[in-house]
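Enquirer: Take this sequence and fold it.
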Amino acid sequence: MSNSDQTDTDKNEKQKEKKTIELEDSETTDEDDLTQNEQTIKQFGEEEEEEEELPPGPYFKLVIRNISIRNSAVEQPKIRFTFGGNFKIVDNRHKGGKIEEIGEKGKQFTTGKTTPDENGSGNLFSNSFTKYKRFKSYEEISEHELTIELISMGCCKTTSQGSAKINLLELANSHIQREVKTEIQKKGNHKITAIVSFHCYFQEVWNYDLHFYEFEGTNLLKNKKDTAPDPLIKLKIKSAFINYFKSDKNFFKRSCTSEHELNTNNPRWVEVGNLTYRGIFSELENEDLICEVYNHKMVGNSEKIGESLIGMRGFLDYGVLEGALVRNTTEKTKSGSSGIVQKYNKKIDGGSIVGLVEVGNYPPHQQYGDIVILKPGRNYIGVHISRCTNLRSADPNGFSDPFVIVEFGGFKQRTKIIYRSLDPIFEETLYFELKVGVLNEQNIGNKGNLKVMVFDDDEAGDDFLGSCEIDLKEIVNSSESKVGNGFNQCTSRVYKPKLTLFANGEETEQLIELKVWFQPDVPKEFTFQNLNKKVKKKQLSKVYREREAIWRQKIPKGNLEMGGFEIAGADEDYYEHFIPTYMSKITLPKELRDRRVIARTIKCFTFENDEITFGGRRDVWCSPNFFLSLMKGSAEEHAALQVSMLISLEIDAYLCQGKTKTGGEHYWVMVREVDGNVTFCECSTAKNESGDESQDDILNEKEMETENSSDLEKNKIRLDNSSDEDQDKIGKEEMEIKDELIIPYMTLEIIANHKNLWANIQDTLDPAQILYDLEDKKKWLPFVDEKDGFDKAVKPFYKTIRLGPKIPEGRAQLFANRIRKEVIAGYTNFRHGKNLKTIFLKKFTPVIESGLDYYEKRELEVITEEDEQSYKIWRGKIAELCPQGYRFNAYTINFNYTDPTRIRNYIMEKYDFQQDESIDTVFACGVYVRGYYGRVSSVWIMLCVMTILPKILDEQEEVGKKVRNKSKKKGKHKNTEKGNEDEKKSNKTSKKKKKKNKKTKGDFISIASKEESDSEKDELKK
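Expert: As a prediction, this is how the structure comes out:
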């Protein structure tokens, strides 16, 4: 063997030694052979595939309308928009080059003349613009921007006064209502900030697959023979005729028809059919779904029973469609004087229809916001929010980030957020379609009053600032005036109040200015005075209290002395309600028809004590829709919402009230199973501030135990989804007491569902010792007795519960990116202050995030064998990326909010690895965000810390000592000049090795101590 061959062999052996990763019980995949095979194939041209032609990239539509400007201080102002483009001018003259124009120029369009708005506070532009652009990939979108430029028109030239830019990827995941600020330089150092507002749709043209199922009709009209019909339902989306002539038609299959049911006025259609719609999501939301119900005939045309025109806005988010059926009839009247018979059309109520719609696929990036396009022949109620004044500060910086939610008829719309302001100016109009079959006073009045709520934006759950209500009679008692702008302008009776906001049942100094009107105006005879509205009372009615006194007398005194046994709770406005009325059935989308998904969704709502949410007030029972608006609450809100979801699936679920081991009052969920078992579901967790956290050495073959995995089944009781802290207690106490079931609750006093409430009158209140036969009145005392008809009075005090939509994938990814950047910045800034180098390995991030969904699936208990196999492969990939001679530790942390600052502060306080003064420590971080209905999310963060192994440190110290000793001996015999030359040579060789090591797999992290040790070893060998 030649010397060169021997040298090559030694080098190969040394490289193999370097590639050995010293990790305990780790499984790694050596891909050296595979790499060699690939190189062989590439060299000889075997199995070489031709480059595939990439499919066309995403196709986006940009629509800009309702453009306005305030405080411009510019004569004849115009706005110039530049859509897309990454054009820039690069000056290379300092390198001996020239000035070059690089990139693509975007599409430009400029507004025309302005007109003053109705408030006189700004100018409106009548223009609207529509542009299309195809991108090569979703990644390319982030390279382009939308530029908004304020320009002034002179006699000979156009002058730019200021500009602002919005990244297109951010635009594709943001609010439709946009507001940008540009600074205008005036004489001297004086600057004026102009505010440009506009509505911007930047959405992908997409094929939406709509699946309609589980439709139910109620009180359908009889057929012409005055008998129950054989109904069938037909659904179709009607589009403007001009769309048929467009090259990009926004329709495919536009109608579907169900099978007919036999002889019923209350039919149920399990399957209706599918529709396909092509366009952007905002266009789909503003489409109309025509719902027609026919009486099926075997021969001849089917007879139409009724029809409903259902606007898609609002329904797609919740997955539930509702409409009132109307039948058009022709009636005849005879004139008294002439005797001439006249015909006129009349609309009569034809029943109602309710069903589910599921959107099969969404584009990865979605905007949000409520922009209603008014349509002729429809009736709306308009709410213009002008401004709020004197709002309280809800953030530590002394400001708030306010926005307004308006609720009417069970639907909500919200304004944009005004950041860092206590006197925000919104100047924003929201429209609610009345959606009544027959326009009359009773149908409109049944929708209730308008409720206006002001919140402070907080990603961990919004903070409530105040609210007020507007009675419909105030609108019709107001004077007429012009309202609206542009095509939406009309003359109507307009209510223009300046209302005080209420919080915690008391008046505050906070004010809100708004306008409310009907568009078009309702008939003059509508007064909304004599409607059968329930009069709200602060205290629970006497009927309940009298019944409670009799009920309490039957409860054993020993049980009453333990406390509790409350039958009512006060809501956010201090109104008392019977506990069962806080629960009601919800029409759930298909994804939520799984107990595991429901439990996980509930735990993703932030847990916060009432004292924090309501400024010291305790025992608040938030109404369900208010809880969904806040997205946070205490145990009772979580439990009530979970029970509402479970009873919607016909599951025998109950809300439980009792005490924990520490003696505090607590609420949880109980399910009576079909097999006779009883399952307790803990819907909040003591570690909610951080979620579930655990140290997980993912390179270890031994699997980590899931903290929520223990299922206790003794005495027909099972504990499910308990908190982490309670599980630890259970584990310890179960070792000591083997004959009894130990659960985290000390007492169980009452249980309730949406129909009734029961008191525990057994000899003990211990949940592990009692029986759960509710039909046995000697053990459970019911509050409501069906015999006296009191059960009919138990009804929810609110409109239908509507869950918010899911967070789109694109926005979830933006949240993940922000959180990751915040964590990295926190660690980097802290270590920089101590003059420590901080290295986060970027190559780890995509690999880590590709496998974090495993942990969410584990929480949902939906892990399959394929998932387990993928998990092992994922761990192997991370093992391959780990630097040589390092030990890898990973920590997975789960949060139920997306506030980057709050997450960063918790991680740095809980995991203080940033204080490690070793210069050899390196880090990696990955974030995964999973959205659920209700606009809540589950955030998984994996924080990876890699520390150098002790053996390597010892070797480095020994080598360092030898080199230092050798240099001392050389210094005695050699002059300084020669030493300097050697030092220069060693520095050159070390720099070369640094460059070389960056290219090799084993040294993709530059660690100074390691590189110095390598160069020193070479010096010793020489």
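Enquirer: low pLDDT regions in the stretch 201-350 of the chain?
Expert: Applying pLDDT under 70 to the stretch 201-350 of the chain flags the ranges 223-225, 239-253, 331-345.
Enquirer: now the helices: where do they sit in the stretch 51-200 of the chain?
Expert: Using DSSP state H, counting those that start in this stretch, the helices found in the stretch 51-200 of the chain span residues 138-141, 168-171.
Enquirer: So which of those helices is the most surrounded?
Expert: Among those, the stretch with the highest mean neighbour count (mean count of other C-beta atoms under 10 Å) is helix 168-171, at a mean of 21. For every residue, glycine as well, the C-beta is placed using N, CA and C.
Enquirer: Show me the contact partners of it.
Expert: Defining contact as C-beta atoms under 8 Å, 6 or more residues apart in numbering, one finds that helix 168-171 is touched by 84, 141-142, 144-146, 178, 200, 202, 365, 367, 810, 814.
Enquirer: give the contact list for the nearest residue to Q366 once chain neighbours are set aside.
Expert: Spatial nearest neighbour of Q366, excluding adjacent residues (C-beta to C-beta, 6 or more residues apart in numbering): P808 at 3.8 Å. With contact set as C-beta under 8 Å, 6+ apart, P808 has these partners: 173, 362-366, 931.
Enquirer: what's the answer for G926, then?
Expert: Here G926 is in contact with 820, 844-845, 847-849, 852, 941-942, 944 (criterion: C-beta under 8 Å, 6+ apart).
Enquirer: Surely it is in a strand?
Expert: Yes: under DSSP: H, G, I helix; E, B strand; the rest coil, G926 sits within a strand.
Enquirer: if we can go back for a sec, out of the contacts of P808, who's nearest L235?
Expert: Y362 (20.4 Å; C-beta to C-beta).
Enquirer: Pull the most distant pair out of the contacts of G926.
Expert: Distance extremes for the contacts of G926: the farthest pair is V847 and I941 at 14.9 Å, using C-beta to C-beta.
Enquirer: Have a look at the two and say which one is more surrounded.
Expert: More crowded of V847 and I941, by other C-beta atoms under 10 Å: I941, with 26 against 16.
Enquirer: Look up how far R820 lies from the residue nearest to Q366.
Expert: Applying C-beta to C-beta, to the nearest Å, the value for P808 to R820 is 19 Å.
Enquirer: Which residue is the nearest non-sequential neighbour of L514?
Expert: With C-beta to C-beta, 6+ apart, the residue lying closest to L514 is I385, at 5.1 Å.
Enquirer: what about that neighbour, how many residues close to it?
Expert: Neighbours of I385 (other C-beta under 10 Å): 22.
Enquirer: tell me the phi and psi of it?
Expert: Note on I385: backbone dihedrals following degrees, to the nearest 10 are phi -90, psi 110.
Enquirer: got it, and D912?
Expert: Residue torsions, per degrees, to the nearest 10, at D912 are phi -90, psi 40.
Enquirer: How much space separates it from Y891?
Expert: Separation of D912 from Y891 (C-beta to C-beta): 12 Å.
Enquirer: Between those two, point out the one with more neighbours.
Expert: When D912 and Y891 are compared for neighbours, Y891 comes out ahead with 18 against 10, by other C-beta under 10 Å.
Enquirer: Report the secondary structure element holding N266.
Expert: Assigned by DSSP states H and E, N266 belongs to neither a helix nor a strand.
Enquirer: What count of nearby residues applies to the closest residue to it other than its chain neighbours?
Expert: Nearest residue to N266, sequence neighbours excluded (C-beta to C-beta, 6+ apart): T218, at 5.7 Å. Neighbours of T218 under the rule other C-beta under 10 Å: 12.
Enquirer: Show me the two of the contacts of P808 that sit farthest apart.
Expert: P363 and G931, at 14.4 Å, using C-beta to C-beta across the contacts of P808.
Enquirer: For the residue nearest to L514, give me its contacts.
Expert: Contacts for I385 were tallied using C-beta under 8 Å, 6+ apart; they are 404, 406, 415, 426-430, 452, 512-514.
Enquirer: what does R547 give?
Expert: Residues counted as contacts of R547 (C-beta under 8 Å, 6+ apart) are 783, 790.
Enquirer: start the count at 399, not 1, going forward
Expert: Noted, 399 is the first residue going forward, which turns the last one into R945.
Enquirer: before we move on, what SS does the nearest residue to H694 once chain neighbours are set aside have?
Expert: Leaving aside its chain neighbours, H694 sits nearest to H658 (3.7 Å; criterion: C-beta to C-beta, 6+ apart). Reduced to three states with three-state DSSP, the structure at H658 is coil.
Enquirer: gap between H658 and E1259?
Expert: When H658 is compared with E1259 (using C-beta to C-beta), they lie 41 Å apart.
Enquirer: of those two, who's got more company?
Expert: Neighbours were counted for H658 and for E1259 using other C-beta under 10 Å; H658 has more, 18 against 15.
Enquirer: so what strands line up beside the lengthiest strand in the chain?
Expert: Counting residues, the longest strand in the chain under DSSP state E turns out to be strand 739-757. Strand 739-757 has these partner strands in its sheet, going by DSSP bridges: strand 604-616 (antiparallel), strand 718-732 (antiparallel).
Enquirer: quick one, which of these is packed in tightest?
Expert: Highest mean neighbour count among these (mean count of other C-beta under 10 Å): strand 604-616, a mean of 18.
Enquirer: ok, whichever helix or strand comes after that one: who's next to it in the sheet?
Expert: Moving toward the C-terminus from strand 604-616, the next helix or strand (DSSP H and E) is strand 629-636. Partner strands and pairing direction for strand 629-636 (DSSP bridges) are strand 653-655 (antiparallel), strand 686-693 (antiparallel).
Enquirer: As JSON lines, the strands paired with strand 739-757 with distance to G501 would be great.
Expert: As requested, those are exported to JSON lines (distance: least, C-beta to C-beta, whole Å):
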{"stretch": "strand 604-616", "distance to G501": "28"}
{"stretch": "strand 718-732", "distance to G501": "46"}
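Enquirer: Go through those and name the closest to N684.
Expert: Ranking these by proximity to N684 (C-beta to C-beta) places strand 604-616 first, at 13.3 Å.
Enquirer: May I have that closest one as CSV, with CA atoms only?
Expert: Only the C-alpha atoms of strand 604-616 are listed here, as CSV (Å, rounded to 0.1, in the frame of the first residue of the first chain):
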residue,chain,number,x,y,z
TRP,A,604,-59.2,29.1,-5.2
ASN,A,605,-61.5,26.2,-5.9
TYR,A,606,-63.7,25.9,-2.8
ASP,A,607,-65.5,22.6,-2.3
LEU,A,608,-68.7,23.1,-0.3
HIS,A,609,-70.4,20.1,1.3
PHE,A,610,-74.0,20.6,2.5
TYR,A,611,-75.3,18.0,4.9
GLU,A,612,-77.7,17.4,7.9
PHE,A,613,-80.4,19.9,6.9
GLU,A,614,-83.6,20.1,8.9
GLY,A,615,-86.8,21.8,8.0
THR,A,616,-89.3,23.1,10.6
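Enquirer: on that earlier part again, just give me the closest of the contacts of I783 to N664.
Expert: Checking the contacts of I783 against N664 with C-beta to C-beta, the nearest one is V804 at 33.7 Å.
Enquirer: Could I get the contacting residues of the closest one?
Expert: 781, 783, 810-812, 828, 830, 848-851.
Enquirer: Helix, strand or coil: sort out it for me.
Expert: Here V804 is recorded as strand under three-state DSSP.
Enquirer: Please determine how far it is located from V914.
Expert: 9 Å.
Enquirer: rewinding a little: surely the residue nearest to H694 is in contact with K632?
Expert: No: judged on C-beta atoms under 8 Å, H658 makes no contact with K632 at a distance of 10.8 Å.
Enquirer: quick one, what contacts the spatially closest residue to E498 that is not a sequence neighbour?
Expert: Counting by C-beta to C-beta, 6+ apart, V488 is the residue found nearest to E498 once chain neighbours are left out, at 5.1 Å. Contact analysis of V488 by C-beta under 8 Å, 6+ apart lists 497-500.
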